[in-house]
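The following block contains a protein sequence and its predicted model.
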Amino acid sequence: MRRILALVGVLLLLAGTAGAQCTIRLGGTVTDSQTKQALAGATIIVKETGLSVKSADNGTYAIDGLCPGFYTLRISHIGCLPLEISWQVSGDERRNITLPHSVTQLQEVAVTGHAAKEVTTAQVESLSGHALDQTRGLTLGEALKKVNGVTSMTTGPNISKPVINGLHSNRVLILNNGIRQEGQQWGSEHAPEVDPFLASKMVVIKGANALRYGGDAIGGVVLVEPKALPVQPGLAGEINMAGFSNNRLGALSAIVEQQVPAVPGLSWRLQGTVRKGGNTRTPGYWLDNTGVEEFNFSAAAGWKKPKYGVELFYSQFNTNLGVFEGSHIGNRTDLEQLIAQQRPLPEYTEGFSYDIERPYQHVEHELFKVKGYVNTGNAGKLNLTFARQFNYRDELDRNSALSVNQMNLNLTTWTGDLVWDHNSWKGLRGTVGVSYMYQENSYKRRLFIPNYESLQYGAFWTEKWESSDSKWLLEGGVRYDNKEYFNLGDNTGDINYPEQSYSSFSGSIGGQYRITDHFHVSLNAARAWRPAAVNELYASGLHHGAAVIEQGDAFLKGETASKFNAAFHYDLSDKLEADVNFYYNHIRNFIYLQPTDSIVVTIRGAFPFTYYRQSDVNMKGMDAQLRWQFLPKWQLTTKASILRAYNESEQDWLISMPADRFEHELSFFPGNTARMKDNYISINLSNVLKQTRIPANLENKNDPRGQDLMAPPNAYNLVGLEAGSTLRLGKQPLSVILGATNIFNTRYRDYLNFFRYFADEPGTNVYLKLKLPLQFGKKAS
Amino acid sequence: MKKYFALSAAAATLFFAACKKEKNDTPTENENEEVTTVKLTFTNAAVPAEKVTASWKDLDGSGGTAPVIDKINLKANTTYTLTTEVLDETKNPPDNVTEEIEEESDEHRLFHLFFVNANAPVTDSVATAATVIPLDKDANNLPVGLEVSVATKNAFTGFLRMVVRHQPGTKNGTYGPGSTDASAEFPIEIK
């Protein structure tokens, strides 16, 4: 027994562990909330690590050498009340802390300076805490719409995927708990197989700066980050519940976690989610067979010692997604008929049901991960991560006597990363690493994507330098990647697919200057590169959802993006915060699907022929947001996201790009009572313009439909309401959010929803969300 | 301590071994592919020995090589009985899908439509070429269309489209409900 244990231990250590960067610096200033003066000599203790620092004469503080995770900071100063701040850390961040004056202020004052901001020159935004609670029960794609500049590409009410500054699918990398999510992400109707309840923080890195995660994220990276495992002894948990009226969807998610008191360093967590919803209702009619059922769970265990540590993680995602039958057209003639009709046939809009019938998608995703780290003394930390993923996808079309109408894809991915974080050396902190990925895909029944294997390896090196007065920040990095596709084939061996090999460099460089503590400017330039994806190379045949014949091109070159951005941040402590980002993204050999006039005749009728091609394109835009507390209890938030995407080779606009979007929210905070804290009520307005920049029809320049089958839908305005509070039931806190979207039951269609051809978007949706944090047998500290 | 170790070791082994999904065992054919062939047989009602056959064949499925389509030549002002056969010829022996349509006749309806132009919208179908009357009925006394009578009129050059509409639960004898399962268009000349 002992021998086996030893062996397993060694294996785990070898395979062991964490891709996490452990050279993080937190910084900011400490001021007195009343006198507004900088506090020198304030003590800041990181409770989890015991690390303690003091603020300098000008009130600034810096805590170095943290790993990503959840920390509790205790800040104290003579004459002030000590304060505790919970801080979910994923990278360098800054936060200015105001300490309440001991005598004059109530203990209940909870506002402690504006939220933490990532210290980076890239465009990074995150969702955590209350902002994340507001998205509970939604899919990942819908939740991320809260981030300015992120929209979603949808296929009806259940399938949604994030679009970052106009780019999506193969160009957006999703990291689920530090592992590259590898599914059939190429398809616009393939939603990410991630349980958002797993996350305690979601980070969006716009653009190509995340070299650490892969050079191919031309559009950006989404990090779905769970809380770090608990380090303080005790059993704790959390229950989340969400209910939605429109499709009568209910979601329940629970977490239990413990640091095992008997074994220092050992902790574990179990988490599970169920979601079930029925048919969605648009203003005027139901959409039959649009139900969803989902069952997810995960288990994590970690063993942490000062010198080394190991973490195991396992998760499963299982879902059945009904596909609205009225969207499952037989052929192009059927589709044109549907568009002309303007609403679905009555037989597809009968009423509510939870039943999911054909056509539907069944998707399973399994992730197993082991990570381990060894502290390499003062020099830094060596991390090794290893993961295996299974992705299984079944697409069942409607029942038919004439064909089986089914596609099945099975993808297995193995990834490994070896990463060394080095501690500050003359102000330089950085990471060097290598990564490896092997994939094997196989299909059954209908051929669309062939069987293949692929091998990818890369190496990267990033460094960051911050001046000792925190005025200057410089960062940069390089990465090299190689990707090959081989052993390609169809099941009959009839088609000859050429093998592929791609390789290139990516890099980024940026600088930030903090003109005052309240105003800083960042500039950043990045080059990223993406090999052509398997669907772009080899897709062949009928894409059922879209009713087009898609033809890949095995001679496509890789895409190269050069992205520049300039960002300005201004804040006036709590009162006002403004961010403006301008970007220019030039993509050489941008791969897209070109519609044509040719018709392919098949036994199902005639379908338009589309093929993958490449052009040089540019995308320029602006994401701006303003938060302004214009009266003591009133706050206005405004966001604007503007994008212009132009095809330089064709001298025309690019197809399927998000329209300009504006969002406004007015909130009122009535203040705390003994039993109700963090109370708010808000009204929000989303304004999405009509997309008028679409490629022109070559036959008739004045055709409002352009190269599409239908002109882009009109602009729309939606109004929503929300109220929330944290109730205290005895010692037990309970967070409640009650709200409604689209309160006027407005009829509208969205340009990035494939359903725009068939049906309206959902009508009014009232929701209730409850969060119950639990502490077993121990008082909350 | 030892207990936890054993536990995590067991868990680790389990997770490594519990590969829920194995690689798809490689099938040797594209199982599901669709109908490959539509065969029309016109029998002159007055002279049963006089038959005209035409077939629409796409053996490699959607995309790839274009289908091979025969031209139909009929006599003007003549009544024919038209039977339609639907086959999957990738199977050996060929799979006769016609039988499946017969079994689910209350969910299917075959239409034979005439058009002046190729790939025209359904609404452009013309009644000037011939009169088509279904001869078979399903359990609900609605026409199926596997056997129809085609009475040609005067000379006509254009296209004959055979469409199988799949209308589960909504079949009412018209084209509208449901969606298209198969659609094959033949050039036709009536003279």
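Great, that's in hand.

I'd assumed residue A:543 was in contact with residue A:552.
No. Taking contacts as Cβ atoms under 8 Å, residue A:552 lies outside contact range of residue A:543: 11.2 Å. C-beta here means a position set from N, CA and C on the backbone, and glycine is covered the same way.

Which pLDDT value belongs to residue 188?
If you meant another chain, say so; for now it's chain A. pLDDT, residue A:188: 83.

right idea, wrong chain: chain B
At residue B:188, pLDDT is 94.

So which residue is dead centre in chain A?
residue A:222 (3.6 Å; Cα atoms, centre = their mean).

thinking that one is in contact with residue A:203, fair?
Yes. Counting by Cβ under 8 Å, residue A:203 is a contact partner of residue A:222 at 7.3 Å.

Show me what residue A:772 is bridged to.
residue A:239 (DSSP bridges).

burial measure for it, as a count.
Using other Cβ atoms under 10 Å in any protein chain shown, residue A:772 has 16 other residues around it.

What segments of chain B are helices?
Along chain B, counting by DSSP state H, helices occupy B:2-17, B:98-103.

mean confidence for the first one?
In other words, helix B:2-17. For helix B:2-17, the mean per-residue pLDDT is 51.

With the last one instead?
Helix B:98-103 shows a mean pLDDT of 86.

Stretch A:361-372 now?
Mean predicted lDDT for stretch A:361-372 stands at 95.

isn't residue A:742 right next to residue A:764, touching?
Yes. Assessed by Cβ under 8 Å, residue A:742 is found in contact with residue A:764 at 5.2 Å.

who's in contact with residue 177?
Picking chain A for this. A:198, A:224-226, A:313, A:315, A:367, A:369 (Cβ atoms under 8 Å, 6 or more residues apart in numbering or on different chains).

could you do chain B instead?
A:345, A:347, B:165, B:167, B:170-171.

May I see these arranged in TSV, with pLDDT as well?
Compiled in TSV, the contacts of residue B:177 are given as follows (pLDDT from 0 to 100):
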residue	pLDDT
A:345	82
A:347	80
B:165	88
B:167	85
B:170	84
B:171	89
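
which of those residues lies closest to residue A:640?
In terms of Cβ to Cβ, no member of these lies closer to residue A:640 than residue A:345, at 39.2 Å.

The contacts of residue A:177 into JSON lines, with extra columns for secondary structure, distance to chain B and neighbour count?
Conversion of the contacts of residue A:177 to JSON lines gives the following (DSSP: H, G, I helix; E, B strand; the rest coil; distance: Cβ to the nearest Cβ, whole Å; neighbours: other Cβ atoms under 10 Å in any protein chain shown):
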{"residue": "A:198", "secondary structure": "helix", "distance to chain B": "17", "neighbour count": "24"}
{"residue": "A:224", "secondary structure": "strand", "distance to chain B": "20", "neighbour count": "24"}
{"residue": "A:225", "secondary structure": "strand", "distance to chain B": "21", "neighbour count": "24"}
{"residue": "A:226", "secondary structure": "coil", "distance to chain B": "17", "neighbour count": "21"}
{"residue": "A:313", "secondary structure": "strand", "distance to chain B": "9", "neighbour count": "24"}
{"residue": "A:315", "secondary structure": "strand", "distance to chain B": "10", "neighbour count": "24"}
{"residue": "A:367", "secondary structure": "strand", "distance to chain B": "10", "neighbour count": "23"}
{"residue": "A:369", "secondary structure": "strand", "distance to chain B": "9", "neighbour count": "25"}
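
between residue A:552 and residue A:543, which one's more packed in?
Using other Cβ under 10 Å, the more surrounded residue of residue A:552 and residue A:543 is residue A:552, with 24 against 18.

what are the phi and psi angles of the more buried one?
Phi and psi for residue A:552, reported as degrees, to the nearest 10, are phi -70, psi 170.

contacting residues around it?
Per Cβ under 8 Å, 6+ apart, neighbours of residue A:552: A:535-540, A:611-612.

Let's see that with 6 Å instead.
A:536-539, A:612 (Cβ atoms under 6 Å, 6 or more residues apart in numbering or on different chains).

Out of those, list just those in helices.
Filtering these for helices - DSSP H - leaves A:536-538.

any low-confidence regions in chain B?
Applying pLDDT under 70 to chain B picks out residues B:1-34, B:61-64.

any chance you could map the strands in it?
Listed in chain order, the strands found in chain B under DSSP state E are B:37-44, B:51-57, B:68-69, B:72-74, B:79-88, B:95-96, B:108-115, B:130-134, B:147-152, B:156-166, B:179-190.

Which one of the ones you listed lies nearest to residue A:153?
strand B:179-190 (24.5 Å).

List just the nearest of the contacts of residue B:177 to residue A:235.
Using Cβ to Cβ, residue A:347 is the member of the contacts of residue B:177 that lies nearest residue A:235, at 53.0 Å.

Any idea how many residues pack against the closest residue to the closest one other than its chain neighbours?
Excluding the flanking residues, the one nearest residue A:347 by Cβ to Cβ, 6 or more residues apart in numbering or on different chains is residue B:170, at 4.5 Å. Neighbour count of residue B:170, defined by other Cβ under 10 Å: 16.

what's the answer for residue A:486, then?
Residue A:486: 12 neighbours (other Cβ under 10 Å).

Spatially nearest residue to residue A:520 (excluding sequence neighbours)?
residue A:514 (4.3 Å).

Identify the residues contacting the helix or strand harbouring the one you found?
Using DSSP states H and E, residue A:514 maps to strand A:500-516. With Cβ under 6 Å, 6+ apart as the test, strand A:500-516 has contacts from A:121, A:209, A:215, A:471, A:473-480, A:482-485, A:520-529, A:531, A:558.

List buried residues within those residues.
Neighbour-count burial (16 or more other Cβ atoms under 10 Å in any protein chain shown) applied to those gives A:121, A:209, A:215, A:473-480, A:483, A:485, A:520, A:522, A:524-529, A:531, A:558.

Okay, domains of chain A per the record?
A:14-118, A:123-221, A:222-776 (automatic domain parsing).

right, so the ones you listed: which one is the most enclosed?
Most buried of these, by mean neighbour count (mean count of other Cβ atoms under 10 Å in any protein chain shown): domain A:123-221, with a mean of 24.

Endpoints of that domain, how far apart?
11 Å (Cα to Cα, to the nearest Å).

next one: it to chain centre, how far?
2 Å (Cα atoms, centre = their mean, to the nearest Å).

and what of stretch A:725-732?
Taking mean C-alpha positions (Cα atoms, centre = their mean), stretch A:725-732 and its chain are 31 Å apart.

Outside of that stretch itself, which residues are in contact with it?
Under the contact criterion Cβ under 6 Å, 6+ apart, stretch A:725-732 has outside partners A:675-679, A:733-736.
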